[in-house]
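J.: sequence and predicted structure below; questions after.
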Amino acid sequence: SLYQMESPFTIEIDEQKNRCLAASRDLTPGETIFTEEPLVAVVSDKLIKNRCSCCFKFIENRTNHSFKPCGVCGCAFFCSSECARIVQHKVECKMCLTLKGAKRSLPNSVVKLASRLIHLSCTNTKVFKEV
């Protein structure tokens with residue numbers, strides 16, 4: 001969301017860059033000028049064995065018995081039984097299994113990201129209309 005105060009930037013149209021942000025005043029190093037919540041997020045394939053696929057909790061010691069992979073696809077890890085029941089993963093799980101069977105080289109994180117976007121577009125049309 002944009003700051004409620006005077007905006008530190010303007011949105012401009014540039015022939016080469018298309019739509020872009022341009023500073024409307026001097027900015028200080030490290031100053032936050034814009035924040036936005038992600039529509040969807042997934043754990044990268046490199047970190048999948050150390051982060052919960054639902055809440056993104058970092059798991060340092062994987063011997064923790066509550067941190068387990070999905071028993072169906074193995075493409076997601078969860079820190080609790082509550083996180084393992086997320087609705088989005090049911091669709092992701094099917095998509096990951098389908099692609100494993102097809103021997104495609106598409107990263108699981110891309111499949112999950114697409115799946116979560118599709119799920120969001122079907123369950124929360126208001127959010128997608130705002131985008």
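T.: Happy to help now that I have it.
J.: for N108, see how far away the residue nearest to I48 when sequence neighbours are not counted is.
T.: Nearest residue to I48, sequence neighbours excluded (C-beta to C-beta, 6 or more residues apart in numbering): F77, at 6.0 Å. For every residue, glycine as well, the C-beta is placed using N, CA and C. Per C-beta to C-beta, to the nearest Å, F77 is found 11 Å from N108.
J.: E36 now?
T.: For E36 relative to N108 (C-beta to C-beta), the value is 25 Å.
J.: lowest-pLDDT helix or strand in this structure?
T.: Ranked by mean pLDDT, DSSP states H and E, the weakest helix or strand in the chain is helix 125-130, scoring a mean of 70.
J.: sorry, back to before: okay, and the common contacts of F77 and N108?
T.: I48 (C-beta atoms under 8 Å, 6 or more residues apart in numbering).
J.: neighbours of the residue nearest to I48, how many?
T.: 22 (other C-beta atoms under 10 Å).
J.: go on, A76?
T.: By other C-beta under 10 Å, neighbour count at A76 equals 26.
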